[in-house]
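> Next one to model:
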Amino acid sequence: MAAHPIYRVREWMYKWIDEETEEVREEYKEGLRQFMGFVTNQELAREQGMAICPCIKCENEKVVKIYLVWRHLYNRGFTPGYYIWFSHGEDFVNMPGISRRVGRVEEGNINRIGEEDTTSIRHGDNIPRMVRDGFPEVVETSNVVQSPNPESRRFFEILEAAKHPIYDGCKEGHSPLSATTRMMGIKTDFNLSEDCVDAFADFFYDYLPEGNLAPHSYYAIQKLVAGLGLPYQIIDVCRDNCMIFWREDANLESCRFCGEDRFQVSAGMSRIPYQRMWYLPIADRLKRLYQSERTAKGMRWHGEHSFTRDISHPSDAEACKHFRYTYPDFAREIRNVYLGLSTDGFNPFGKGGRKYSLWPVIVTPYNLPPALCMKREFLFLTILVPGPNHPRRALDVFLKPLISELQMLWYEGVRVYAVSLKNNFTMRAVLMWTISDFPAYGMLSGWTTHGRLLCPHCQDNSDAFWLQNRRKSSWFDCHRRFLPSNHPYRRNKRLFTRNKVINDGPPPSYDGTYILEQFSDFYVLETRDCGGNGDDRIDGYGTAHNWHKKSIFWELPYWKDHLLRHNLDVMHIEKNFFENIINTVLNVAGKTKDNLKSRLDLQQLCGREELYAMENGTGQVPIFRLLPSRKAAFFE
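Below is the predicted model of the structure:
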């Protein structure tokens with residue numbers, strides 16, 4: 001799927017200066033003339049000779065004389081992201097796209113414009129009526145100071161009370177909150193019982209000066225943390241990972257799919273489920289980002305920073321730009337949150353411990369600047385998929401609460417108080433993509449990542465084939481179709497497949513509509529219909545397609561419109577690629593890819609006689625293998 005056409009048509013807006021001549025480009029001058037022609041036809045320009053200035057400094061926040069608009073844009077360039085001339089009357093309903101900066105004119109302000117050349121813009125009547133009527137909750141000026149909503153006010157009150165000194169004259173920073181968080185950390189690190197924490201808390205309370213505010217019991221610690229803390233849910237899971245006992249299934253006693261009992265047979269009064277998962281809702285944690293002075297302003301960075309030619313942040317990428325053009329109502333409020341999701345399995349007991357597969361699901365907001373968005377404190381643990389067994393195809397079962405919350409954050413949003421602007425707004429959120437290694441890619445996307453059709457991009461348009469000697473699928477020579485049409489490798493008949501010239505181009509990119517049609521054509525089921533372990537093999541599986549399920553992410557209303565849904569973790573790819581190369585170059589026994597079977601397959605495929613195996617099973621030393629002297633130099 002290509003980027004939105006308006007982005008290509010108006011690329012001239014951000015091709016201002018020619019880097020070689022350091023002069024204003026002719027393309028920019030011509031585009032500027034078109035823009036000024038559009039502006040001078042607006043009512044404000046015709047009646048008073050004024051216009052909103054979209055230069056990089058005025059940022060659609062000042063009304064200036066027409067000649068100053070031209071001068072500012074010629075000397076400074078446009079404010080970033082202003083592809084749709086929203087502030088100048090362009091209708092985003094009829095022309096898909098979005099201006100991320102919308103000028104706001106204070107009521108009556110236009111009538112007070114006299115002979116002055118410039119006037120500041122605040123809020124009110126100059127916002128297009130369609131925006132004001134359609135999205136009243138987001139037409140909130142940052143200049144209006146509001147009181148926190150009741151929920152935020154309670155949080156701030158508890159936080160302020162918890163910051164009081166633990167006793168008069170104590171060391172700065174020692175408060176009930178700091179004592180509580182440290183005690184909870186000690187409890188976790190040393191696996192202390194509640195009775196032990198009770199005893200420690202009572203001991204410290206007695207030894208501190210009279211009238212101190214230290215929590216004197218584990219109950220008091222929990223009460224303080226609960227007021228500031230974040231909610232979590234523990235949800236029972238079918239022992240075979242078929243389903244979770246949640247919402248409409250919360251009262252079931254056995255699995256709807258396999259019939260296994262939910263609870264273990266126990267002689268005690270308490271009922272113990274066979275398996276549980278942990279879910280930590282994200283809405284409250286996203287709200288906290290706007291309730292902190294340190295992060296509230298940074299959450300607007302993605303929509304306020306200046307774009308360059310290089311991608312320095314996910315918001316600069318074509319996938320994000322395309323989404324903003326597709327959903328302008330969402331993009332207009334730059335405080336809405338853009339999320340990424342990642343997951344991978346690990347053994348918490350280490351390599352030497354017992355076999356166990358634990359799968360955390362991490363969500364991170366991309367609103368923050370590059371220096372912050374990948375920091376550990378902003379990687380939110382959202383789901384903890386229990387072990388010891390690998391979830392395999394059943395990962396969607398555990399994602400159900402998160403998808404439900406993401407739907408709520410898209411359709412309804414939550415009211416949030418932003419401390420940086422001192423106002424309330426409705427925060428919405430979108431999941432942009434997932435990030436994983438290749439095996440987890442299959443678990444998240446529903447496309448099996450092994451076999452001849454393992455490539456989710458090529459799908460059934462793959463040139464993979466079976467190696468007779470290595471007895472596995474190979475993608476040798478599949479890369480040439482991705483090369484430029486005039487690349488010499490396309491015509492090389494010796495180094496790659498013997499006597500083969502490549503004229504084909506790369507396979508097409510499939511958009512969301514095409515994939516949904518595939519689901520319909522092949523009757524691909526969702527996990528909620530067939531259970532976590534899936535149904536029988538779908539018709540055409542392994543020959544026409546590799547779908548084993550319709551991923552739960554397709555329940556998100558915007559998922560079909562994303563340009564990029566699933567990303568591969570470069571770290572894993574680089575590691576595997578490096579290990580294969582270095583083990584082959586160094587000829588590491590048992591790990592090198594250069595062996596007799598590889599030589600025999602190569603002899604059948606291409607014309608590199610110098611690498612053919614001899615009748616006695618030996619072969620010439622390849623030019624890529626390091627000699628002993630070179631190895632020694634390498635390790636030095």
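
> domain parsing for this protein?
The chain breaks down into these structural domains: 5-134, 165-228, 573-635 (assignment by automatic domain parsing).

> Go through those domains and pick out the most buried.
Ranked by mean neighbour count, the domains of the chain are led by domain 5-134 with a mean of 17 (mean count of other Cβ atoms under 10 Å). For glycine as for every other residue, the C-beta is placed from the backbone atoms N, C-alpha and C.

> Asn580 versus Glu61, what's the distance?
Here the criterion is Cβ to Cβ, to the nearest Å. By it, Glu61 lies 55 Å from Asn580.

> could I get the domains of the chain as a markdown table with mean pLDDT and distance to Val416?
Formatted as a markdown table, the entries for these read as follows, by pLDDT from 0 to 100; distance: least, Cβ to Cβ, whole Å:
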| stretch | mean pLDDT | distance to Val416 |
| --- | --- | --- |
| domain 5-134 | 67 | 19 |
| domain 165-228 | 87 | 17 |
| domain 573-635 | 88 | 38 |
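
> Can you add distance to Arg247 and give the ones you listed back as JSON lines?
Supplementary listing: those in JSON lines, determined by distance: least, Cβ to Cβ, whole Å:
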{"stretch": "domain 5-134", "distance to Arg247": "32"}
{"stretch": "domain 165-228", "distance to Arg247": "24"}
{"stretch": "domain 573-635", "distance to Arg247": "38"}
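
> who wins for proximity to Arg324 among those domains?
When those are compared by Cβ to Cβ, domain 5-134 sits nearest Arg324, at 5.1 Å.

> neighbours of Arg153, just the number please.
As a burial measure, the neighbour count of Arg153 was computed by other Cβ atoms under 10 Å and equals 12.

> Repeat that for Glu260.
Applying the criterion other Cβ under 10 Å, we find 12 residues in the vicinity of Glu260.

> Equivalent analysis for Pro328, please.
In terms of burial, Pro328 registers 20 neighbours under the definition other Cβ under 10 Å.

> One more: Arg300?
By other Cβ under 10 Å, 18 other residues sit near Arg300.

> Without its sequence neighbours, what residue ends up closest to it?
In space, and not counting its chain neighbours, Arg300 is closest to Ile334: 5.4 Å by Cβ to Cβ, 6 or more residues apart in numbering.

> and that neighbour, how many neighbours does it have?
Neighbouring residues of Ile334 were enumerated by other Cβ under 10 Å; the total is 18.

> Could you do Asp310 as well?
The tally of other residues near Asp310 (other Cβ under 10 Å) stands at 7.

> Which of the helices or strands spans it?
Asp310 belongs to no helix or strand when elements are defined using DSSP states H and E.

> ok now do it, which residues does it touch?
Asp310 makes contacts with Asp316, as judged by Cβ atoms under 8 Å, 6 or more residues apart in numbering.

> Out of the domains of the chain, flag the one nearest Gly303.
For these, proximity to Gly303 was assessed by Cβ to Cβ; domain 5-134 is nearest, at 5.4 Å.

> Return stretch 335-353 as CSV; C-alpha atoms alone will do.
Output for stretch 335-353, consisting of C-alpha atoms alone and laid out as CSV, is shown next (Å, rounded to 0.1, in the frame of the first residue of the first chain):
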residue,chain,number,x,y,z
ARG,A,335,-1.5,14.0,22.9
ASN,A,336,-3.2,10.8,21.7
VAL,A,337,-0.8,7.9,22.3
TYR,A,338,0.9,5.8,19.7
LEU,A,339,1.9,2.3,21.0
GLY,A,340,4.2,-0.5,20.0
LEU,A,341,3.9,-4.1,21.3
SER,A,342,6.7,-6.6,21.8
THR,A,343,7.0,-10.1,23.2
ASP,A,344,9.5,-12.9,23.5
GLY,A,345,9.9,-16.0,25.7
PHE,A,346,12.6,-16.7,28.2
ASN,A,347,13.5,-19.1,31.0
PRO,A,348,13.4,-17.2,34.3
PHE,A,349,15.5,-20.0,35.9
GLY,A,350,18.4,-19.6,33.4
LYS,A,351,20.0,-22.1,31.0
GLY,A,352,20.9,-24.4,33.9
GLY,A,353,17.5,-24.3,35.5
